[in-house]
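Q: pasting the structure only:
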């Protein structure tokens, strides 16, 4: 998702950043539209920037409030204004069906904002990408660690874990086919409230996906299983109403624990994207401690 939504569109995102840095959010959008209408910015390029304005605003706010806690972004006045403007637009466009559409728009805006925040956090956190080998992916699924992981910590504040098919992880919404998990994004917030914000991504096609967004809270002397037991959906009270999320988060934690505790062999390599850009990745392989 990060490669498709961010790396592929870096040219448009950089143009948008310059407008927001020069004029601020409200005036920046107006200046962009004015330059487009006056021919100073090609129409197609300007449209590309405008389609990513939600991402750019989330990024703009996150740079100011920090990227480790989504709730800090949600409480920001500029975020609240963006949300209000977006929902007012829904009301203006859909008239007599406003209440029904408004409720869906509220939910859709929140889901989109959270997904974009994860992408922003991944970018600002250093674009750390971990990729288990197929052997390691299967091993962690078949034989997870026996002892609880005390005081779980990520090796970096934000990362993306690529999930090979051999991990055999999926999300299944009631009444729908299972969807294979391909990516897990996690952002760690440090004390006083130590927590993981997790996004498990299982694509349906190139446009839509099954996703689950979780927070795992940890106590100072707690372990991973206690955090998992207290995990809550960011849009519901209690646990997510979808099968497969526990297995996915447990598998992720087992992989990261092997990295943090030195049980896995790590190897950095350069991945070349379809756009010809280079991306650093860390391959998680087997060693004497992980077999």
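A: Received the coordinates, thanks. Remember, predicted model here, so these are calculated numbers, not experimental data. Numbering: from 1, shown residues only.

Q: who are the neighbours in contact with residue 149?
A: Contacts for residue 149 (Cβ atoms under 8 Å, 6 or more residues apart in numbering) come out as 223, 224, 225, 253, 257. The C-beta positions use only the backbone N, C-alpha and C, and glycine is treated the same way.

Q: And for residue 106?
A: By Cβ under 8 Å, 6+ apart, residue 106 lies in contact with residue 87.

Q: State the number of residues packed around residue 167.
A: Here the number of neighbours of residue 167 (other Cβ atoms under 10 Å) works out to 27.

Q: Quick check: buried residues in the longest helix along the chain?
A: Among the segments of the chain that qualify as a helix by DSSP state H, the longest is helix 98-124. By neighbour count on 16 or more other Cβ atoms under 10 Å, the buried set for helix 98-124 is 101, 105, 109, 113-124.

Q: before we move on, the earlier item: from the contacts of residue 149, which ones fall inside strands?
A: Among the contacts of residue 149, DSSP state E puts none in strands.

Q: Could you identify the most distant pair in those?
A: The largest separation in these, counting by Cβ to Cβ, is between 225 and 257 at 12.0 Å.

Q: the more surrounded of these two?
A: More neighbours surround residue 257 than the other of residue 225 and residue 257, with 20 against 13 (other Cβ under 10 Å).

Q: doesn't residue 249 fall inside a helix?
A: Yes. Counting by DSSP: H, G, I helix; E, B strand; the rest coil, residue 249 is located in a helix.

Q: Can you report how many residues lie near it?
A: By other Cβ under 10 Å, neighbour count at residue 249 equals 23.

Q: can you tell me which helix or strand the residue nearest to residue 174 when sequence neighbours are not counted belongs to?
A: Using Cβ to Cβ, 6 or more residues apart in numbering and skipping the chain neighbours, the partner closest in space to residue 174 is residue 241 (7.2 Å). Using DSSP states H and E, residue 241 is not contained in any helix or strand.

Q: quick one: contacts for residue 241?
A: Counted by Cβ under 8 Å, 6+ apart, residue 241 has contacts 173, 174, 233.

Q: Might one say that the first one is in contact with residue 242?
A: Just to be clear, that refers to residue 173. Yes. Residue 173 is within contact range of residue 242, at 5.2 Å (criterion: Cβ atoms under 8 Å).

Q: Mind listing the shared neighbours of those two?
A: Common neighbours of residue 173 and residue 242 (Cβ under 8 Å, 6+ apart) are residue 210.

Q: Low-confidence ranges, the stretch 51-200 of the chain, go.
A: Residue ranges of the stretch 51-200 of the chain with pLDDT under 70: 89-102.
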